[in-house]
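Undergrad: here you go, sequence then predicted model.
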Amino acid sequence: MMRRACLGLALAALCACSASPRAAYTVLEQAHAGPLEFEVRAEGELRAVTATPMLVPGEQWTPRQIVWMLPDGTRVTRGERVARFSATQSEQDLAQARIDLERNLLARAGKQDELATKQGQLGVDIVQVDGQLAIAHRYAHATLAAIARNDILDAVQDEAYLGVRRQILQWRERQSSARGKAELAVLDAQHDTYATVARQKQADLDALELRAPHDGVLVLERDWAGQEPHVGSNLWAGNSFASLPDLSALEVQLAVPQIEAQGIAVGQTVQLHPWGRPAQRVSARLDWIAAAAQTRDRESPVKYLSLKARVPADAVRRFGWVPGQRFVGDIVLLDARRAMSVPNVALVGNGDGATVRVLSHGAEVVRKLRLGVRGATRTQVLDGLQEGDRILLAAAPDGDGT
C-alpha cells in the first residue's frame, strides 16, 4: 500500500513540474481507491485474568529474608516449595520472650511467697490478739469479789484496745489479699503478653517456607520500583510475593502512546504474538480500554493508553505461553478492500468540516470531505474525492522557484 502511494505521489509531482514555476515546488498526491488498512502497533505483557495471591508467610510486618526461591515463570505443582526465608529477628524475639516468661514465672512465685508470708504473719497476729482478747474479756466481766477493781478496769481497757487492734489486723489482711491479687493479675497479664509473643515468633519460625496452593506457573510480584524479589531480598510478612495465575483465562495488557491512540475502540481486531515469535500470531479483540491515558515513567511526560485483549485458551495451550511474556499487538483500525484516503497533513479541520486543496486545471480548489477512520498518518475518505484528483500537500512559498 505504501509503495502504491509513493508511486502515485511521484507521478503527480512529475506532472506538476511541467506546469507553472510555482507548481514545480508543489507537493502533490493523486487520489486513488484501493485496498486500505490502518494499524497501530502496541506492546504489552501476557497476564492472567484471575490469579491466586501468594503472600510472604508469617505474622504481619515481620521481617523476612529470602535464602532460596524458584525463578519467575517456573511451573509448580500443588504443595511444592516455592521459597524459603530466614527470620533472624524472630529467633532473637522468641529467645527474649522465653526469657521474659521465665522471669515472669519467678516473679510470680516470689510474689506468692511474699503474700503467703504476710498473710501468715497477719494470721498469727490475729490469733494472738484473739487469745489476749479472750483473757481480757473474761477479766473485764469478773465480779469485785473475784479480783480487785483496778484489775477489772485494766482488763476493760485491754479489751477495747485489743478489739481495735483486731479490726486493724483484719483490715490489713483484706488489703493485703486485694493488693496481692492485683499484683498477681498484673504478672499474669505480663505472662499472657510474653506467651503471645512467644507463640507468634514460634509461628514465624514454623512458617519459613512458602508452598504452592495449586498447580500453576509462578509469577513474581514486582515492587514499586519494578524490581522482582531475589535471594537476599528483605521482605515483610503479609506482603505479596508472587501469584499463581489461572492459565485457562489469560489476557494481554497493551499500551499505546496517546498520540497514536486515535480511532481505537472496543471490539476492534488485534493481531497478537510474543516478542520475536511472529509465527505464533493469533487474532483477538479489544475488550477493555482505559478511560484516560497515564504516564508510565516519572522521567517522561509521555502518556500511554492501556488496552486489554483476551487470548484464546487453545492458543495458550498450543504454544505454551505463560504469564509475564512480552507481546506485540497490531490493532486493526481499518481493513477495506477498496477505499480512498488522504495524508493527515493535507487536511484542514476535522469531522464534518474537514477540507483539502485540490489542483484542478492549474488552480487550487477547496473540497469538503466526509471522513471515516483516522489513522496516525492518513485518514479514510468516505466522500468528497474522485479517482485521479491531485491533492495539494504543500506549496512553495511565494517568490521561490524558477
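TA: Received, thanks.

Undergrad: helices and strands around the helix ranked longest in the chain, which ones?
TA: What stands out as the longest helix in the chain, according to DSSP state H, is helix 149-206. Here helix 149-206 touches helix 88-140, going by 3 or more CB pairs under 8 Å, 6 or more residues apart in numbering; DSSP states H and E. The way it works is simple: take the backbone N, C-alpha and C, and place the C-beta from them, glycine included.

Undergrad: any idea of the mean pLDDT for the helix it packs on?
TA: Confidence for helix 88-140, expressed as mean pLDDT, is 79.

Undergrad: report the angle between that helix and helix 149-206.
TA: 170 degrees (axes from the mean of the first three to the mean of the last three CA atoms, to 10 degrees).

Undergrad: off-centre distance for the longest helix of the chain?
TA: Mean-position distance between helix 149-206 and its chain equals 55 Å (CA atoms, centre = their mean, to the nearest Å).

Undergrad: stretch 102-110 too?
TA: Centroid separation between stretch 102-110 and its chain, computed with CA atoms, centre = their mean, is 46 Å.

Undergrad: would you mark the buried spots in it?
TA: Neighbour counts over stretch 102-110 (16 or more other CB atoms under 10 Å) mark 104, 107-108 as buried.

Undergrad: now distance to residue 346 too, for those, in a markdown table please.
TA: Formatted as a markdown table, these follow (distance: CB to CB, whole Å):
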| residue | distance to residue 346 |
| --- | --- |
| 104 | 87 |
| 107 | 92 |
| 108 | 93 |
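
Undergrad: measure how buried residue 378 is and give me the count.
TA: Using other CB atoms under 10 Å, residue 378 has 21 other residues around it.

Undergrad: kindly apply the preceding question to residue 257 instead.
TA: 15.

Undergrad: ditto for the one 4 residues further on
TA: Applying other CB under 10 Å, we find 21 residues neighbouring residue 261.

Undergrad: which non-adjacent residue is nearest it?
TA: Excluding its sequence neighbours, the residue lying closest to residue 261 (CB to CB, 6 or more residues apart in numbering) is residue 305, at 4.3 Å.

Undergrad: go through the one helix or strand that neighbour maps to and flag the buried ones.
TA: Applying DSSP states H and E as the criterion places residue 305 in strand 303-311. For strand 303-311, a neighbour-count test (16+ other CB under 10 Å) marks 304-309, 311 as buried.

Undergrad: okay, those in CSV with distance to residue 57 and pLDDT next?
TA: CSV is the format used below for those (distance: CB to CB, whole Å; pLDDT from 0 to 100):
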residue, distance to residue 57, pLDDT
304, 36, 94
305, 38, 94
306, 33, 95
307, 36, 96
308, 32, 97
309, 35, 97
311, 32, 94
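
Undergrad: considering these, which is situated nearest to residue 244?
TA: Comparing these against residue 244 with CB to CB places residue 311 closest, at 17.7 Å.

Undergrad: quick check: beta-bridge partners of the nearest residue to that closest one once chain neighbours are set aside?
TA: Distance criterion CB to CB, 6+ apart; nearest residue to residue 311, sequence neighbours excluded, is residue 250 at 4.7 Å. Per DSSP bridges, the residues bridged to residue 250 are residue 48, residue 311.

Undergrad: ok, residue 250 to residue 50 distance?
TA: Separation of residue 250 from residue 50 (CB to CB, to the nearest Å) stands at 10 Å.

Undergrad: so between these two, which is more surrounded?
TA: Neighbours around residue 250 and residue 50, counted as other CB under 10 Å, are more numerous at residue 250. The numbers are 22 against 10.

Undergrad: let me know the pLDDT of the more buried one.
TA: 92.

Undergrad: for the one 10 residues further on, same thing?
TA: The predicted local confidence for residue 260 comes out at a pLDDT of 88.

Undergrad: with adjacent residues omitted, what lies nearest to it?
TA: Excluding its sequence neighbours, the residue lying closest to residue 260 (CB to CB, 6+ apart) is residue 376, at 5.0 Å.

Undergrad: am I right that that neighbour is in contact with residue 264?
TA: No: checked against CB atoms under 8 Å, the pair residue 376 and residue 264 is beyond contact range at 10.8 Å.

Undergrad: least trustworthy helix or strand in the chain by mean pLDDT?
TA: None of the helices or strands of the chain scores lower by mean pLDDT, DSSP states H and E than helix 2-17, at a mean of 40.
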